[in-house]
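Novice: Pasting a predicted model and its sequence here:
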Amino acid sequence: MLKSGRAAALRCDCKTSAIQHHPKALLTFILELRLMAKFSNPKMVNKPHQTTGRTPLTLARAIYGFVLVGAFVATLAVATLVRDRVEAFNEDALATAVATRAAGLELAFARGLHEEWENIRQLAETLAAGSGEDLPSQLAFAVGDGEKVSWAGYAAIDGTVLAASNGLLEGVDVGQREWFQRGLEGPFAGDVHEAVLLASLLPDNDGEPLRFLDLATPVRNANGDAIGVLGFHLNFAWAQDFITEQAAALDIHAFLMSQDGSVVIATDGRDYATLNLQSTRRASAGMAGGGLERWPDGQTYFTNVVPQVAYEDLPSFGWRLIARIDGDAVETTNQAFSTAVLLSTGMFGVFLILLTALFVQIFIRPFDEISKNAIRVADGEDVYPYESRRTAELARLSAALARLQGRS
């Protein structure tokens, strides 16, 4: 036994020297040591290869785990980043949408008012030129069916109505009415007010009291002196219907506010005296802008303030326009995006698993087969060496295993 031990030690020294000069000899050296240990220990002869302790993780499972964990982390990071970007994009898009729609509504409404201002201004120029012989018919034409303009009249410098549509209020003194007093001074646009003199002369508005908007302008002679006032009473119901219909078409709620903060028109079906919101305070100050805020109904909306309702030379009514759009649209879009991400992630995960399984089957399974073949060779079995040339590494291992078996 002593001699055999010394011989083994001598061979080990020789092998060590060979390994230092030829790294490929390492595999041969390990297998020879294992064979020597096996045949020198009778208990190990004719026993299958056994492992002790916990079963090591296979290369295939390691790759599956790596791919799944990597895909999960990457998907989570991308989904979080993209969700934040999508949420910010949606908020910007809604803010832009409500601002654009508010501006469109304001422009359409102001142009509708300006049409009547153009009519009254041109009629005043006709009167100033002394061509007012057919004034009653011209006033009646301006009123039309009364849907938009309820009354049109011309009052002399003393406040007496000289001509009016359908003869209403002719000969009546309107010198104390605001539209006349302010109209003597210059172009005038008056906020909504209830009918006084015309309340009993015009049909009511489906049981609602008549309310008017005023337009007035002075009529001047060649010297520039005021000789009378031409005034229109616009039907406030027309303004309500116009804003309500346009807002519905634009999918927004609109709020027309006076300069003192009172709500003139609201399209959400609620009655407000005033609104204490950041947007209404901004509107009262005549400042444009918008943002996300909670309204009295408990809902969150994107709002935008148009600081004035104006078009060309239309006199100012002192109005501000506030438009809002449902802020829940952002959350709805985000939920739809999250659902789409989950579905896409699931489909990508299935595809990735299938692709990984194909990769493992083609490139990893041969390593498992060649390792099993190497163990059988090490155990002294006479087996045909496993060969695979799918990769350069597999080809080298197969060739090395074949050479080792040929030496045994």
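Specialist: Right, received. Where do you want to start?
Novice: quick one: the strands in the stretch 251-400 of the chain?
Specialist: Remark: strands assigned in the stretch 251-400 of the chain by DSSP state E, counting those that start in this stretch are 253-257, 263-266, 289-294, 300-306, 320-326.
Novice: between those strands, which one is nearest to R177?
Specialist: Nearest to R177, of all the strands of the stretch 251-400 of the chain, is strand 263-266, at 20.0 Å by C-beta to C-beta. In this view, the C-beta of every residue, glycine as well, is placed from N, C-alpha and C.
Novice: ok, and what's touching the closest one?
Specialist: Contacting residues not belonging to strand 263-266 are listed as 191-192, 239-240, 243-244, 253-258, 272-275, 319 [C-beta atoms under 8 Å, 6 or more residues apart in numbering].
Novice: Write the ChimeraX selection for whichever of those residues are buried.
Specialist: With 16 or more other C-beta atoms under 10 Å as the criterion, this ChimeraX line picks the buried residues out of the contacts of strand 263-266:
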select :191,192,239,240,243,244,253,254,255,256,257,258,275,319
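Novice: Sitting in helices, which of the contacts of strand 263-266 do you find?
Specialist: Residues of the contacts of strand 263-266 located in helices (DSSP state H): 239-240, 243-244.
Novice: lowest-confidence helix or strand of the protein?
Specialist: The weakest-scoring helix or strand in the chain, judged by mean pLDDT, DSSP states H and E, is helix 2-21 (a mean of 44).
Novice: what separates stretch 66-77 from the chain centre, distance-wise?
Specialist: Mean-position distance between stretch 66-77 and its chain equals 27 Å (C-alpha atoms, centre = their mean, to the nearest Å).
Novice: Now do the buried residues in it.
Specialist: For stretch 66-77, a neighbour-count test (16+ other C-beta under 10 Å) marks 67, 71, 75 as buried.
Novice: Would you map the helices across the stretch 301-408 of the chain?
Specialist: Here the stretch 301-408 of the chain has its helices, by DSSP state H, counting those that start in this stretch, at 328-359, 365-378, 392-407.
Novice: Look through the protein and tell me its longest helix.
Specialist: Ranking each helix of the chain by length (DSSP H) puts helix 59-128 first.
Novice: which residues touch the helix or strand that it is followed by?
Specialist: Toward the C-terminus, helix 59-128 is succeeded by helix 135-143 as the next helix or strand (DSSP states H and E). Residues from elsewhere that reach helix 135-143 (C-beta under 8 Å, 6+ apart): 116, 119-120, 123, 126-127, 132, 149-154, 162-167, 232.
Novice: what do you get if the cut-off is 6 Å, keeping everything else the same?
Specialist: 119, 149, 152, 163, 165 (C-beta atoms under 6 Å, 6 or more residues apart in numbering).
Novice: With stretch 182-198 instead?
Specialist: Residues from elsewhere that reach stretch 182-198 (C-beta under 6 Å, 6+ apart): 151, 169, 178-179, 209-218, 226, 229, 231, 236, 258, 264, 315, 317.
Novice: which stretches of the protein aren't confidently modelled?
Specialist: The chain contains residues with pLDDT under 70 at 1-53, 132, 205-207, 329-335, 337-338, 385, 405-408.
Novice: Mind checking which residue lies nearest the centre of it?
Specialist: N90 (1.3 Å; C-alpha atoms, centre = their mean).
Novice: From R324, how far out is it?
Specialist: 16 Å (C-beta to C-beta, to the nearest Å).
Novice: need the buried residues of stretch 66-77 in CSV with distance to V350, can you?
Specialist: Supplementary listing: the buried residues of stretch 66-77 in CSV, determined by distance: C-beta to C-beta, whole Å:
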residue, distance to V350
V67, 13
A71, 11
T75, 13
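Novice: Looking at those, which one is closest to F351?
Specialist: A71 (10.2 Å).
Novice: burial of the residue nearest to D251 when sequence neighbours are not counted, as a residue count?
Specialist: Nearest non-adjacent residue to D251, counting by C-beta to C-beta, 6 or more residues apart in numbering: I325, 7.2 Å away. Around I325 there are 22 other residues, counting by other C-beta atoms under 10 Å.
Novice: Wait, I325 touches A99, no?
Specialist: No - using C-beta atoms under 6 Å, I325 is not in contact with A99; the gap is 9.8 Å.
Novice: D145 is nearest to which of the strands of the stretch 251-400 of the chain?
Specialist: Evaluated over the strands of the stretch 251-400 of the chain, closeness to D145 peaks at strand 263-266, with 22.1 Å, by C-beta to C-beta.
Novice: And the closest one, how far out from the chain middle?
Specialist: The answer for strand 263-266 is 28 Å, by C-alpha atoms, centre = their mean.
Novice: Give the partner strands of it in its sheet and their orientations.
Specialist: According to DSSP bridges, strand 263-266 has the following sheet partners: strand 253-257 (antiparallel).
Novice: Compute the inter-axis angle for the strand it pairs with and strand 320-326.
Specialist: For strand 253-257 against strand 320-326, the angle by axes from the mean of the first three to the mean of the last three C-alpha atoms, to 10 degrees is 160 degrees.
Novice: what's next to strand 253-257, contact-wise?
Specialist: Against strand 253-257 from outside (C-beta under 6 Å, 6+ apart): 105, 243, 247, 263-268, 283, 319-324.
Novice: How about stretch 112-125?
Specialist: Contacting residues not belonging to stretch 112-125 are listed as 142, 215, 217, 219, 230, 232, 311, 314 [C-beta under 6 Å, 6+ apart].
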